[in-house]
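A.B. asks: how would this look folded up:
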Amino acid sequence: MGAPNDQIRDLLRVCGATLVPVSPASINAQLRSGAIDAAAADITNVAEHELWRVADTIINLPHAPSLFTVVINEQAWQALAPAEQQILSEAADDAQAVMWARFATIRADAFAAAVQKGMRIVEPSADDIAQWRACSAALLEAYMVRVGQAGPKLFEAYGKLRTERCCRDAPSGEAHFGNR
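C.D. replies: Now for the predicted structure:
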């Protein structure tokens with residue numbers, strides 16, 4: 001299986017895949033030559049690299065949205081007046097809404113293009129997701145060990161976030177395709 005980066009390779013390796021490092025640009029040639037029989041790639045790579053020519057099925061595993069973040073250190077944040085913090089927070093909320101909407105549109109368009117080219121979209125079942133979580137649990141445990149005391153606190157906060165609507169639902173406008 002082709003995998004484009006260390007994060008994806010680690011995930012697929014712990015879940016039993018035999019991996020071949022690939023770049024998104026090389027997936028088409030590697031699939032065509034038989035060097036790999038499947039690859040992990042962002043949905044936008046399907047059209048960009050004409051993957052419909054060498055594959056007929058997409059399994060939609062949206063585990064890592066391709067979005068960006070803006071960070072500010074605490075000292076700089078605290079140096080701002082409360083009104084400035086409020087303005088930045090509101091601007092960030094607005095930018096986040098725009099980016100999620102744009103992201104949803106880009107993904108929906110990419111999936112629609114893949115379907116138009118004859119590809120079948122498969123959504124994983126709840127059992128499939130449970131199996132992915134089970135086989136990848138070792139990655140979370142290793143991460144917690146690597147980050148030390150902050151690990152359990154981080155995962156406790158993450159667990160709380162997963163109960164919030166903002167963090168468990170797909171962004172509004174997100175299209176799902178059911179060509180199973």
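A.B. asks: which stretches in the protein count as helices?
C.D. replies: 6-14, 27-33, 44-48, 74-79, 82-116, 126-147, 150-161, 165-168 (DSSP state H).
A.B. asks: distance to residue 20, mean pLDDT and mean neighbour count for the ones you listed - can I get that in TSV?
C.D. replies: Placement of C-beta: from N, CA and C, glycine included. Listed next are those as TSV, based on distance: least, C-beta to C-beta, whole Å; pLDDT from 0 to 100; neighbours: other C-beta atoms under 10 Å:
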stretch	distance to residue 20	mean pLDDT	mean neighbour count
helix 6-14	9	87	16
helix 27-33	7	95	17
helix 44-48	16	92	17
helix 74-79	42	93	9
helix 82-116	22	89	14
helix 126-147	19	86	12
helix 150-161	31	81	11
helix 165-168	33	62	8
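A.B. asks: with residue 58 as the reference, name the closest of those.
C.D. replies: helix 82-116 (5.9 Å; C-beta to C-beta).
A.B. asks: which elements pack onto the closest one?
C.D. replies: helix 44-48, strand 120-122 (3 or more C-beta pairs under 8 Å, 6 or more residues apart in numbering; DSSP states H and E).
A.B. asks: understood, closing this out.
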